[in-house]
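>>> need coordinates for the below:
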Amino acid sequence: MESGFLFGVTLIDDALTPQLSQVLERCTQLASRKRLPVLWRFSDWLNRVPKADPEALKKRRKREAVLGAVLWAVSMFLLVPSVMEPKTLTGPLVLSVVGFLMSCAAMKSTKRRLMAGLNLAMGAFLCLGALLAFEELKALLVPGVLCLAAGVWALAGKRLHWKESCFDRQARELVRQRGTVTNLESAQVEFTEEGMVLSDGTDVGAQCFEYPEFFFVAETQALLVPVCGQRAVVLQKKDLREGSMEQLRVFLQERVSYERLKTQIK
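The predicted model follows:
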């Protein structure tokens, strides 16, 4: 067998499932683009405005979360006294309600848990105080119920946000299947001039996939995933035994469709 770029095959850590899910999603999208080019051209036209850099987006979301928490505290400070005297404090009441809604909108993307905790605690406190001194503090029931509703909404939204996608399930299944392979330690994958060779370290029973058969190759932070027809071979960069990742990247880019996928900010 010619010398090339040689990978060992090892178990895949569960922490890499999101990266594998991203590859599967991109593979499905590329296949869909080939089948429905007109529809995708229209979709690309609608989404022609470039997205923000992931790092910049992450920093912006952090700022929004901090500002949301500060705005929430200010709105609560105004809401409690103004709801007790709504006729004389109409302006502060309107401002506090608007500020409360804006704070929830700012925290919902990245700080749902914080938002839920703050609102549930404040809602319980206001409702309890109103019930204990109903005649004097019954007006606090309205902001109390509002806070409780916002807290429940945040918790429900968090659960929805964590809902597993079909790509996550497929990725998890691929990771599970890797653990069921017998004699995994003897398996290896080599990239040669002819193609990708899957073997047990010998020429007996080796499978060769020529480069024209490749659909595409995806690279993530820790993975290299060649896709040939209906088959995806999941390789880990740390298992590269011969050659360097930089050399292999150039080698494959000259022969197949190659994409480097950035980690998505969720």
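>>> quick one: stretch 111-127 to chain centroid distance?
The chain centroid and the centroid of stretch 111-127 are separated by 26 Å, computed with C-alpha atoms, centre = their mean, to the nearest Å.
>>> give the buried residues for it.
When burial is assessed from 16 or more other C-beta atoms under 10 Å, stretch 111-127 yields the following buried residues: 111, 112, 115, 116, 118, 119, 120, 122, 123, 126, 127. For every residue, glycine as well, the C-beta is placed using N, CA and C.
>>> equivalent analysis for stretch 246-265, please.
Neighbour-count burial for stretch 246-265 flags 248, 249, 251, 252, 256, 258, 261 (criterion: 16+ other C-beta under 10 Å).
>>> ok, stretch 12-32 next?
Within stretch 12-32, the residues scored as buried using 16+ other C-beta under 10 Å are 12, 16-17, 19-27, 30.
>>> count the neighbours of the closest residue in space to residue 8 that isn't next to it in sequence for me.
Excluding its sequence neighbours, the residue lying closest to residue 8 (C-beta to C-beta, 6 or more residues apart in numbering) is residue 239, at 4.3 Å. Burial of residue 239 is recorded as 14 neighbouring residues (other C-beta atoms under 10 Å).
>>> okay, domains of the chain per the record?
According to automatic domain parsing, the chain is divided into the following domains: 5-37+166-260, 54-161.
>>> could I get the full set of helices for the stretch 151-266 of the chain?
Per DSSP state H, counting those that start in this stretch, the stretch 151-266 of the chain has helices spanning 166-178, 245-253. These are given in chain order.
>>> now for the first one, which elements pack on it?
Going back to what we said before, that points to helix 166-178. With contacts defined as 3 or more C-beta pairs under 8 Å, 6 or more residues apart in numbering; DSSP states H and E, the packing partners of helix 166-178 are helix 17-35.
>>> contacting residues around the nearest residue to residue 245 once chain neighbours are set aside?
Setting aside the residues directly before and after it, residue 245 is nearest to residue 237 in space (C-beta to C-beta, 6+ apart), at 5.7 Å. If you count contacts by C-beta atoms under 8 Å, 6 or more residues apart in numbering, residue 237 has them with 222, 223, 224, 245.
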